[in-house]
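**Q** quick one, structure for this:
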Amino acid sequence: MNSIFKPILQYFLIFSLVLAMGMSIWLLPRSTKREEAITPPIDAKDEAGRFIQQASENFFYHEFDQAIDNYKKAIMIYEREGKLKTAAKIFESIGDLFKFRRNLKEAESHYKRAMENHRKNQDSLGEACAMSLAGDLYMERGDFSPAGVWYKKGLALIKNDPPHLTKALLLENLGHYFWKTENIPEAIVQFTESRETFAALENQMGYEHINAVLNKLRRGQSQNIPDEGLIYHNSPAPERKRK
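**A** Model (predicted):
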């Protein structure tokens, strides 16, 4: 292939992958602080980075088994180098891929592998985020019981931690869980805590989003209005300013 077009193709492959997977693959964990993404630079010189790039190309061409194989090769390298956080992110990416393929069992299995690496790395926020992903896996398919279990476990890990975007999103998701299971008073409690967490983070967009959800929920209490398909993890991440 012409050397001029090769970098363009690689950028296009990665951009397409990000769109196809709902942006979660390369931007984990979700945080108010800027964190290093696992996307390697174009023409990565390190072996693990090349495996990830190859996996993105495999995904673009729907070569899913090859993509998973390349992800796992990258994980082996990162674990050998003690980079457990990066390895955990890739496990989450594999979980997302299996979710995309509607293989819930394998998706949950790889989210659990991500949790294990976050735990070994003493990263409770990362582990809680992976638990939230596992909860989403079920919530988005209307299987509320296991979704609630994962959300509650994730929140329990970080409930006493300082305000963080992961915490705000888990509270939001738990609010949706209680709404879907018709426990409106508890849903209001969780959404209110989520809103206050966004406020503490000075995340104006997140605050306004949850405030709108609360207003909708309270209006609907007397009218018996159901949750009309609000998306989980849908609070905007950008904040007004960073400290």
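**Q** now the helix or strand containing I75, how far from the chain's geometric center?
**A** Using DSSP states H and E, I75 maps to helix 64-80. How far helix 64-80 lies from its chain's middle: 19 Å, per C-alpha atoms, centre = their mean, to the nearest Å.
**Q** same check, this time on stretch 127-136
**A** The mean C-alpha position of stretch 127-136 is separated from the chain mean by 7 Å, C-alpha atoms, centre = their mean.
**Q** next one: stretch 69-84
**A** 20 Å.
**Q** buried set for it?
**A** N70, Y71, K73, A74, I75, I77, Y78, E79, K83, L84 (16 or more other C-beta atoms under 10 Å). The C-beta positions use only the backbone N, C-alpha and C, and glycine is treated the same way.
**Q** and I25, what's its pLDDT?
**A** On the pLDDT scale, I25 is placed at 33.
**Q** S56 too?
**A** Note on S56: pLDDT of 89.
**Q** equivalent analysis for K45, please.
**A** For K45, the predicted pLDDT is 71.
**Q** one more: F59?
**A** 89.
**Q** which element is it on?
**A** Using DSSP H and E, F59 falls in helix 47-60.
**Q** stretch 168-181 - what's its average pLDDT?
**A** 97.
**Q** D161: neighbour count?
**A** 12 (other C-beta atoms under 10 Å).
**Q** and for I188?
**A** 18.
**Q** try A212
**A** 12.
**Q** and what of G49?
**A** Neighbours around G49, by other C-beta under 10 Å: 18.
**Q** mind checking which helix or strand G126 is in?
**A** Assigned by DSSP H and E, G126 falls in helix 124-139.
**Q** packing partners for the host helix or strand of K112?
**A** Here K112 sits within helix 104-120, counting by DSSP H and E. If contacts are counted by 3 or more C-beta pairs under 8 Å, 6 or more residues apart in numbering; DSSP states H and E, helix 104-120 sits against helix 84-100, helix 124-139.
**Q** and of the ones you listed, who's closest to V149?
**A** helix 124-139 (7.7 Å; C-beta to C-beta).
**Q** helices and strands around that closest one, which ones?
**A** Secondary elements touching helix 124-139 (3+ C-beta pairs under 8 Å, 6+ apart): helix 84-100, helix 104-120, helix 144-158, helix 165-180.
**Q** would TSV of these with distance to G126 be doable?
**A** Shown next, in TSV, are the helices and strands packed on helix 124-139 (distance: least, C-beta to C-beta, whole Å):
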stretch	distance to G126
helix 84-100	6
helix 104-120	4
helix 144-158	10
helix 165-180	8
